[in-house]
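> any chance you could fold what I've pasted below:
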Amino acid sequence: MTFNNVSLLNLAMDASDLRQKAISNNISNINTPGFKVERVSFEDKLKKAMSTDDVELLRTNEKHFSINGNVNDFAPEIVRKTQTSVKENGNNVDLDVEMSEKSVNELYYNALTRQVNHELSQLNYVINH
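Numbers count the residues shown, from 1 in each chain. Have a look, this model is predicted:
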């Protein structure tokens, strides 16, 4: 993998970090009247940006993977889910859903961390041998 791929993994880790903050915010506002759940939009935007043929990023070597789309097109962002209400006070935070999302996000972040460590380990091996 190239540095660009490590950068993408880093961006995914940033999205996971933002997701963890959003989940924590959701849980802390579980009893706030009218509060609406926050979700992080990232993976679908990344998939769409990588599948489009509109723009191709500059490659410095023909062996690098190409990524179509603009990096800003798949930067993580927080989106409020305003269409639902779980409680009579207009709040839509469901603690069971939030705890499940938190667990999934922790697994996702750990997998990304292992992948980045693997990529950096490979680069280190190539540099030193």
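
> buried sites along stretch 81-94?
Of the residues in stretch 81-94, those scored as buried under the neighbour-count criterion (16 or more other Cβ atoms under 10 Å) are 91-94. C-beta coordinates here come from the backbone N, C-alpha and C atoms, glycine included.

> which other residues reach it?
For stretch 81-94, the surrounding residues in contact (Cβ atoms under 8 Å, 6 or more residues apart in numbering) are 26-27, 29-39.

> elements contacting the helix or strand in which Asn110 is found?
In this structure, Asn110 is located in helix 95-128 according to DSSP states H and E. Of the remaining helices and strands, those touching helix 95-128 by 3 or more Cβ pairs under 8 Å, 6 or more residues apart in numbering; DSSP states H and E are helix 3-28.

> what residues does the residue lying closest to Asn105 once chain neighbours are set aside make contact with?
Leaving out its chain neighbours, the residue that sits closest to Asn105 by Cβ to Cβ, 6 or more residues apart in numbering is Arg19, at 5.0 Å. Counting by Cβ under 8 Å, 6+ apart, Arg19 touches 39-40, 42, 76, 101, 105.

> the residue nearest in space to the middle of the chain and Gln122: what is the separation?
Among the residues of the chain, the smallest C-alpha distance to the mean C-alpha position (Cα atoms, centre = their mean) belongs to Ala15, namely 3.1 Å. Per Cβ to Cβ, to the nearest Å, Ala15 is found 23 Å from Gln122.

> what's the angle from the helix holding Asn110 to helix 3-28?
Between the axes of helix 95-128 and helix 3-28, defined by axes from the mean of the first three to the mean of the last three Cα atoms, to 10 degrees, the angle is 160 degrees.

> buried ones in helix 95-128?
Across helix 95-128, burial judged by 16+ other Cβ under 10 Å covers 98, 101-102, 105, 108-109, 112, 115-116, 119.

> do the same with stretch 34-44
35-38, 40-42.

> same question for it, mean pLDDT?
When pLDDT is averaged over stretch 34-44, the result is 91.

> residues touching Ile30, list them.
Taking Cβ under 8 Å, 6+ apart as the criterion, Ile30 is in contact with 91, 93, 95, 98.

> tell me if it really is in a strand.
No. The assignment for Ile30 by DSSP: H, G, I helix; E, B strand; the rest coil gives coil, which leaves it out of any strand.
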